[in-house]
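Visitor: take this sequence and fold it.
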Amino acid sequence: MGAYQAIVIGGGIGGLSAALALHRQGIPVTVHERAASLEPVGAGLALAPNALRALDRLGIGERLRALATPHPAVGLRHPSGRWLARTDTATFEACFGDTIAAVARADVIAALVDALPDGTVRTNSPAALVTPGGTTGSATGGTPGSTTGPAVVWTPDGERPAALVVAADGLRSATRALLFPQHPGPRYSGFTTWRTVVSPTRRPEAVGEVWGRGQLAGVVPLADGRVYVYGAALAPAGARAADGDEKAELLRRFGTWCAPVPQLLALAEPERVLRHDVWDLADPLPAYHQGRVALLGDAAHAMCPFQGQGACQAIEDAVVLASALTPGADPATTLPAYTAARLPRTTAIVTGSRRTGDLVALHTPAAARLRDAALTLAGLLPARTLLNRSARTYNWQPPALDATA
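Guide: Here you go, the predicted structure:
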């Protein structure tokens, strides 16, 4: 590969995955995270088979599978408790060759950091792109071979040159705005979300989501008896609980729904209830790179959470990006392959996630009844017929890295 240096802007799951993938390719890398610690925002995370295969390439897939709590079946219910659709996990695993591992986001962060060399991650260290460097010509890479120098990144230690910059700086990516100033940026989806983790005395029997009119709640068991509970609802952007108590807001919205949703929410510690509005990049970018800079994760393709693929796609990005950096090649000439591999796939998943959100958003009684009837009828189909609809997402196979070839 050569001994060039790479800089990653952002220490979330996407940025850390990119750093680990680059490290496994033999590329020296430094991660700059503006926060004072890597304390993760978010409570739980569902790692689908596509993400688990990518994490296997990074050497930490088995560690995270071991943290998942198996459950015999998951499904979708009406707030009354009536099942709309249900799938046993054995059939899922037989179809896709792996499970969906529900783990705490903190455990994913820890696994990634532990696999990186000491000193790779610098916290309390904001960084910003100064110039993308790389090739002349178009914004999507120019003519291979016509290099014009390194990218330049501002850090607390001063400006640093880099042969490769990975911008994993999130939904409000300053790097994306610099590279593609004409892009309209994120759009509000119409939904706000809540997340928390509770510790019930007994494991919930009903696992999955409950869909109401314009809102949903989800129950996901984690390791050590903990349970990840989340909710989503239509709301104006920026709206918050009138009294500032988001736990009380959750109980107002979901307190009469079927068990175990109200019982779990009642266990929540108010200060540990996270609320965030959902924004996505409904308008795809023209490319996920420019010059020597690659955009990754939410910076490239922020999506609604309704297919559970946001973090999964960021992990995929990391492995594909590292695999595109062929030995001896200048990163500026190989990044177009990263865009070519990732932009069509992630654009389709962004669109699919928004369409699922459109179903959740149905809030009139008539529309919700029609939706639920359609879901119930679909639930009568053979399980493999339903699962095949997700095959394009879950059956994805990661490219090999040098260390895993």
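
Visitor: got the end-to-end distance for stretch 66-82?
Guide: 32 Å (CA to CA, to the nearest Å).

Visitor: same check, this time on stretch 108-123
Guide: Start-to-end, stretch 108-123 (CA to CA) is 17 Å.

Visitor: any figure for the gap between Arg65 and Glu33?
Guide: Distance, Arg65 to Glu33, using CB to CB, to the nearest Å: 26 Å. For glycine as for every other residue, the C-beta is placed from the backbone atoms N, C-alpha and C.

Visitor: between those two, point out the one with more neighbours.
Guide: Using other CB atoms under 10 Å as the criterion, Arg65 and Glu33 rank with Glu33 on top: 23 against 17.

Visitor: residues near the residue nearest to that one when sequence neighbours are not counted, how many?
Guide: Closest residue to Glu33 apart from its sequence neighbours, by CB to CB, 6 or more residues apart in numbering: Gly11 at 3.0 Å. Neighbour count of Gly11, defined by other CB under 10 Å: 27.

Visitor: and for the one 5 residues further on?
Guide: Per other CB under 10 Å, the neighbour tally for Leu16 reads 29.

Visitor: OK, contacts around the closest residue to it other than its chain neighbours?
Guide: Nearest residue to Leu16 in three dimensions, chain neighbours excluded: Leu112, at 3.9 Å (CB to CB, 6+ apart). Each residue near Leu112 by CB atoms under 8 Å, 6 or more residues apart in numbering is listed here: 13, 16-17, 19-20, 58, 60.

Visitor: ok, Tyr288 next?
Guide: Applying CB under 8 Å, 6+ apart, we find Tyr288 in contact with 294-296, 300-301, 317, 338-339, 342-343.

Visitor: quick one: low-confidence parts of the stretch 201-350 of the chain?
Guide: For the stretch 201-350 of the chain, applying pLDDT under 70 flags the ranges 327.

Visitor: helices of the protein, start to end?
Guide: 13-24, 49-57, 61-65, 89-96, 105-115, 174-179, 246-254, 261-266, 298-301, 310-324, 331-360, 365-379, 383-387, 391-394 (DSSP state H).

Visitor: report pLDDT for the residue nearest to Glu33.
Guide: pLDDT recorded at Gly11 is 97.

Visitor: tell me the contacts of it?
Guide: Contacts of Gly11 (CB under 8 Å, 6+ apart): 31-33, 35, 38, 121, 123.

Visitor: quick one: these as JSON lines, columns for distance to Ala259 too.
Guide: Converted to JSON lines, those look like this (distance: CB to CB, whole Å):
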{"residue": "Val31", "distance to Ala259": "43"}
{"residue": "His32", "distance to Ala259": "45"}
{"residue": "Glu33", "distance to Ala259": "40"}
{"residue": "Ala35", "distance to Ala259": "37"}
{"residue": "Leu38", "distance to Ala259": "35"}
{"residue": "Val121", "distance to Ala259": "42"}
{"residue": "Thr123", "distance to Ala259": "41"}
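
Visitor: pick out whichever of those sits closest to Ala241.
Guide: Ala35 (25.1 Å; CB to CB).

Visitor: how about the closest one: what's its closest non-neighbour residue?
Guide: Spatially, and ignoring its direct neighbours in sequence, Ala35 is nearest to Thr123 (6.2 Å; CB to CB, 6+ apart).

Visitor: over to Ala341?
Guide: Val320 (5.1 Å).

Visitor: ok, the one you found - contacts?
Guide: Counted by CB under 8 Å, 6+ apart, Val320 has contacts 338, 341-342, 398-399.

Visitor: can you redo the helices of the chain as TSV with distance to Arg203?
Guide: Listed next are the helices of the chain as TSV, based on distance: least, CB to CB, whole Å:
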stretch	distance to Arg203
helix 13-24	26
helix 49-57	23
helix 61-65	19
helix 89-96	15
helix 105-115	18
helix 174-179	42
helix 246-254	20
helix 261-266	11
helix 298-301	32
helix 310-324	24
helix 331-360	26
helix 365-379	24
helix 383-387	23
helix 391-394	26
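
Visitor: minimum distance to Gly134: which of the ones you listed has it?
Guide: helix 331-360 (3.7 Å).

Visitor: OK, contacts around the residue nearest in space to the middle of the chain?
Guide: Nearest to the mean C-alpha position of the chain, by CA atoms, centre = their mean, lies Ala311 at 1.8 Å. Residues in contact with Ala311, defined by CB under 8 Å, 6+ apart, are 13-14, 45, 47, 51, 105, 108, 297.

Visitor: what of Ala300?
Guide: Neighbours of Ala300 in contact, by CB under 8 Å, 6+ apart: 176, 281, 285, 288, 317, 342, 346.

Visitor: now the third one: how far from Ile100?
Guide: If you measure Leu285 against Ile100 using CB to CB, the figure is 28 Å.

Visitor: Glu316 reaches Ala51, doesn't it?
Guide: Yes. In this structure, Glu316 is within contact of Ala51 by CB atoms under 8 Å, at 6.8 Å.

Visitor: tell me, what's touching these two both at once?
Guide: Joint contacts of Glu316 and Ala51 (CB under 8 Å, 6+ apart) do not exist.

Visitor: what angle do helix 246-254 and the longest strand along the chain make with each other?
Guide: Criterion DSSP state E: the longest strand present in the chain is strand 187-198. On the basis of axes from the mean of the first three to the mean of the last three CA atoms, to 10 degrees, strand 187-198 is oriented at 100 degrees to helix 246-254.

Visitor: list the helices and strands strand 187-198 packs on?
Guide: strand 227-234, helix 246-254, helix 261-266, strand 274-280, helix 331-360 (3 or more CB pairs under 8 Å, 6 or more residues apart in numbering; DSSP states H and E).

Visitor: quick check: buried residues in that strand?
Guide: For strand 187-198, the neighbour count (16 or more other CB atoms under 10 Å) marks 189-198 as buried.

Visitor: who does that strand pair up with?
Guide: The strands beside strand 187-198 in its sheet (DSSP bridges) come out as strand 227-234 (antiparallel), strand 274-280 (antiparallel).
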